[in-house]
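*Asks:* Next input, structure requested:
(one chain, ligands or ions: 4)
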Amino acid sequence: MMNADLHCHSTVSDGHLAPAEVAARAHAGGVTLWSLTDHDQLGGQREAREAAQALGMAYLDGVEISVTWAGRTVHIVGLNVDAENQALIDGLAATRSGRQARGEAIGEALAEIGIQGAYEGALHYVNDPAMISRTHFARYLVDKGYAESTSDVFSKYLGDGKPGYVGHRWSKLADAMKWIKGAGGEAVIAHPGRYDFSPVEFAAFFDEFIQLGGRAIEVVTGSHTPDQYREYAEVARRYGFLASRGSDFHAAGEGRIDLGQLPPLPADLKPVWECLV
Ligand code: AMP
Ligand code: MN
Ligand code: MN
Ligand code: MN
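*Replies:* Ligands and ions are numbered 1, 2, ... in the order given. Below is the predicted model of the structure:
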């Protein structure tokens, strides 16, 4: 049986392992079809693809795009994209271009509650300063003893409405969809269970995604609880979405689940990868 893990991160964005190390970990975890989906950046694709090939794992080029929809942040995964597509490359560069200034603003916001030097501290955890993310701040704050875990950091400091939260405009949904589809890829709504939407907002979001050519949604992800697997399986049935599965692995000891370890998709759902491989 196919063990597909189509969502995870490397040091190219906010993961802790280099792309080839993530490949080795996926393979060790039993993954047979893999995609590395760094945030707003394709820089790890070649290394990931070559490592997957060397290990005999099927591979899909991937990316996770940060989007602002109706004033809220959502993530759209693009699978089986052409990593050489110029419009996609340019769109991702524009999407990530505000990260450095936002990182500085997060540092200032944390300084106001007495946490000094967090931006400089977080930079030590980043490969490329242009890719600085809240995850890097979270790792720094855990190591400095401000919280027990990275998820604690989000509840106390970095989540929406918390003292270190700095609002940000990412890409438009229509643009992200255009870039993914223009690069021959399939767009997937990432971890819908993480969005704090009302039922009316969810309906509007799903309708707009479909209108823009979206067909797939993550059902079984490391960002969902088992109850949410069931909830979004039901959404997939109701909207006729293809279903995806991915750990959203970032680092050992962070997050709920390791590469390849999620339960399978409910058998009646159509896996997104059946159209892609
Ligand atoms: P950013 O793109 O800089 O806003 O950072 C978002 C990243 O923070 C996500 O991709 C996750 O890796 C991480 N993240 C978001 N919410 C949480 C949470 N509640 N617990 C742990 N990590 C989180
Ligand atoms: Mn992340
Ligand atoms: Mn995400
Ligand atoms: Mn992710």
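*Asks:* CA only for contacts and neighbour counts going forward, please
*Replies:* OK.
*Asks:* excluding its backbone neighbours, what's nearest the residue most central in space within the chain?
*Replies:* Closest to where the C-alpha atoms of the chain average out (CA atoms, centre = their mean) is residue 64, at 4.8 Å. Leaving aside its sequence neighbours, residue 64 sits nearest to residue 77 (CA to CA, 6 or more residues apart in numbering; 4.2 Å).
*Asks:* Give me the distance between the one you found and ligand 1.
*Replies:* To ligand 1, residue 77 is 12 Å away according to CA to the nearest ligand atom, to the nearest Å.
*Asks:* Surely that residue is in a helix?
*Replies:* No: read with DSSP: H, G, I helix; E, B strand; the rest coil, residue 77 is strand and lies in no helix.
*Asks:* burial of it, as a residue count?
*Replies:* Neighbourhood size, residue 77 [other CA atoms under 10 Å]: 28.
*Asks:* doesn't residue 67 make contact with it?
*Replies:* No: between residue 77 and residue 67 no contact is recorded; they are 10.4 Å apart, counting by CA atoms under 8 Å.
*Asks:* Now the residue in the chain sticking out farthest from the centre: phi and psi?
*Replies:* Distance from the C-alpha centroid of the chain peaks at residue 114, with 30.3 Å (CA atoms, centre = their mean). Main-chain dihedrals, residue 114, degrees, to the nearest 10: phi 100, psi 0.
*Asks:* What residues does residue 96 make contact with?
*Replies:* Shown in contact with residue 96 (CA atoms under 8 Å, 6 or more residues apart in numbering): 40, 41, 130, 131, 170.
*Asks:* for the third one, helix, strand, or coil?
*Replies:* In three-state terms, and counting by three-state DSSP, residue 130 is helix.
*Asks:* what helix or strand is the closest residue to it other than its chain neighbours on?
*Replies:* Counting by CA to CA, 6+ apart, residue 130 lies nearest to residue 100, which is 5.5 Å off, once chain neighbours are set aside. Using DSSP states H and E, residue 100 sits in helix 99-112.
*Asks:* list the buried ones in that helix?
*Replies:* Across helix 99-112, burial judged by 16 or more other CA atoms under 10 Å covers 99, 100, 102, 103, 104, 105, 106, 107, 108, 109, 110, 111.
*Asks:* Can you add distance to ligand 1 and pLDDT and give the residues you listed back as TSV?
*Replies:* Converted to TSV, those look like this (distance: CA to the nearest ligand atom, whole Å; pLDDT from 0 to 100):
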residue	distance to ligand 1	pLDDT
99	7	97
100	10	96
102	9	98
103	8	98
104	12	98
105	12	98
106	10	98
107	13	98
108	15	98
109	15	98
110	15	98
111	18	98
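*Asks:* Nothing else from me, thank you.
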